[in-house]
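Asks: Okay, sequence plus prediction incoming.
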There are 2 protein chains.
Amino acid sequence: MNKRPLILVTNDDGISAPGIRKLIRIMNTIGDVVVVAPDSPQSGMGHAITIDSTLACDQIKIDQGPQKEYQCSGTPADCVKMAVREVLKKKPDLCVSGINHGSNSSISVIYSGTMSAAIEAGIEGIPAIGFSLLDYSLDAKFDHLEEDVLKITKNVLENGLPKGVVLNVNFPKTEELFKGIKICRQAKGNWVEDFDKRVNPMGKEYYWLTGKFVNEDNGEDTDEWALANNYVSIVPTQFDLTAHHFIQHLNSWDL
Amino acid sequence: MNKRPLILVTNDDGISAPGIRKLIRIMNTIGDVVVVAPDSPQSGMGHAITIDSTLACDQIKIDQGPQKEYQCSGTPADCVKMAVREVLKKKPDLCVSGINHGSNSSISVIYSGTMSAAIEAGIEGIPAIGFSLLDYSLDAKFDHLEEDVLKITKNVLENGLPKGVVLNVNFPKTEELFKGIKICRQAKGNWVEDFDKRVNPMGKEYYWLTGKFVNEDNGEDTDEWALANNYVSIVPTQFDLTAHHFIQHLNSWDL
């Protein structure tokens, strides 16, 4: 790519989260950056879009960087749609989402606002990467991710991605140096919920959703294995959800 | 299955929508039914879950049927989690979601609250089916779907589904008799958005998200082809999003 690429940056933790501020600074070194990100945290939004209410999208200035920035009242998927149709009025060369404060490995990809933005860009035919760090803290440190974020991003800009594939990148939480980058499959696992039941001052019961991730997958080719062993994980992620392997069997049913 | 199966019914249009009321009546003929469904419409919620606010879940009685019913303030995925952990405190034999007022074929599966409930059940290891009718109207007619809903449901109860696979069933909108049921793959397509920009009474701009589905897939083995040709479509749907076919190539990158 000869000229500087046009890079769309978004996330699900909201436009002022430290993770996206770091990602913007990294992207400013290699491209022309436009940010369209949620005006408030949108974690756990999955691939939600805003159908039943209105959307706001306003230009703002948060720091002295060269990027253009817009905050949007919608979900991460809304932000990508808004960026392509209304803000840029064209497709950027790349969309990066994150850096998320918290893991989006294994089944969490399904619930992830970070990855829904990357997937929405992929649906539009835009090469896209979601970046997440396994540290939920707002004080999470991101400086040591810079080199790998750049390396992965430059590879995507140079090599492209096939239609229908985006990348889900997760960084381990560790004090040590990463051992390297591993290409992985999504580990089989799920969240086992525990609803914390409480009673409000009026005597009515309500719940908080809490949960614990359970990895059911012993494979050493999974994202969970890579992260537990101090590797950066990349899972190529698709949005054709067809279980192609089961089509032939289904045709034998009495339907 | 010798004894009557325990069937969880949910949806994304809300517990009082005609589509779910019909699905409850159909399921009452073959099993013991528990309904845990959103207390208000949740269309377009994708696989969102409620992390940052509280949830209510209250038993209610809407009609004279034998089913037990609970309305929940959360998303469709929340409803399934709430049903398994708090209401039933065990896994039902089957989860059915719908009947949705509107299509969930092709890429719409990604944005669909109806299918997110079925997928959430699948993640829990519960056989699950999402049913949708290509008619967004609240006056949509569902009576003629009964035979096929029963046939598909009984097949799932008798044959089971492999781990990691749920069914996405869509019914065409037509005055004619259906030509039959087709096992399909998800058509490649996307929504092309048009943001309807308006100005509020205070002079501030805001947007409504609108869009038009564009089918980019000429295959005759897709859900879009089946529905356009008056067949009921069934797409076996998975939640392992790994693009397995791209892993080998990614390993050749300079990372």
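Replies: Good, I have the coordinates.
Asks: mind exporting stretch A:57-71 as CSV, just the C-alpha atoms?
Replies: The C-alpha trace of stretch A:57-71 is given here as CSV (Å, rounded to 0.1, in the frame of the first residue of the first chain):
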residue,chain,number,x,y,z
CYS,A,57,-23.3,11.1,16.2
ASP,A,58,-21.2,14.1,17.0
GLN,A,59,-17.7,15.2,16.2
ILE,A,60,-15.5,15.8,19.3
LYS,A,61,-11.9,16.5,20.2
ILE,A,62,-10.4,14.5,23.1
ASP,A,63,-6.7,15.0,22.6
GLN,A,64,-4.2,16.8,20.4
GLY,A,65,-3.7,13.9,18.0
PRO,A,66,-4.3,14.3,14.2
GLN,A,67,-7.3,11.9,14.1
LYS,A,68,-10.9,12.9,13.5
GLU,A,69,-13.3,11.7,16.2
TYR,A,70,-17.0,11.1,16.5
GLN,A,71,-18.9,9.8,19.4
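Asks: Tell me which residues of that stretch come out buried.
Replies: Buried residues in stretch A:57-71, counted by 16 or more other CB atoms under 10 Å in any protein chain shown: A:C57, A:Q67, A:E69, A:Y70, A:Q71. Glycine gets a C-beta too; all of them are placed from N, C-alpha and C.
Asks: just stretch A:135-143 next, same as before
Replies: The neighbour-count check on stretch A:135-143 (16+ other CB under 10 Å) flags A:D135, A:A140, A:F142 as buried.
Asks: Stretch A:150-164 too?
Replies: Under 16+ other CB under 10 Å, the buried positions of stretch A:150-164 are A:I152, A:T153, A:N155, A:V156, A:L157, A:L161, A:G164.
Asks: Who are the packing partners of the longest helix along chain A?
Replies: As assigned by DSSP state H, the longest helix anywhere in chain A is helix A:146-159. Judged by 3 or more CB pairs under 8 Å, 6 or more residues apart in numbering or on different chains; DSSP states H and E, helix A:146-159 is in contact with helix A:18-28, strand A:94-101, strand A:128-133, strand A:165-171, strand A:181-183.
Asks: One more pass at 7 Å, please.
Replies: Packed against helix A:146-159 by the contact rule (3 or more CB pairs under 7 Å, 6 or more residues apart in numbering or on different chains; DSSP states H and E) you find helix A:18-28, strand A:94-101, strand A:128-133.
Asks: closest to A:T242 out of these?
Replies: Ranking the helices and strands packed on helix A:146-159 by proximity to A:T242 (CB to CB) places strand A:128-133 first, at 20.5 Å.
Asks: by how many degrees do that closest one and strand A:165-171 diverge?
Replies: 10 degrees (axes from the mean of the first three to the mean of the last three CA atoms, to 10 degrees).
Asks: just to revisit the earlier point, let's have the helices and strands packed on helix A:146-159 in JSON lines, adding mean neighbour count and mean pLDDT.
Replies: Listed next are the helices and strands packed on helix A:146-159 as JSON lines, based on neighbours: other CB atoms under 10 Å in any protein chain shown; pLDDT from 0 to 100:
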{"stretch": "helix A:18-28", "mean neighbour count": "22", "mean pLDDT": "98"}
{"stretch": "strand A:94-101", "mean neighbour count": "29", "mean pLDDT": "97"}
{"stretch": "strand A:128-133", "mean neighbour count": "28", "mean pLDDT": "98"}
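Asks: show me the contacts for the nearest residue to A:P162 once chain neighbours are set aside.
Replies: Nearest non-adjacent residue to A:P162, counting by CB to CB, 6 or more residues apart in numbering or on different chains: B:F246, 6.2 Å away. Taking CB atoms under 7 Å, 6 or more residues apart in numbering or on different chains, we find B:F246 in contact with A:P162, A:V165, A:P236.
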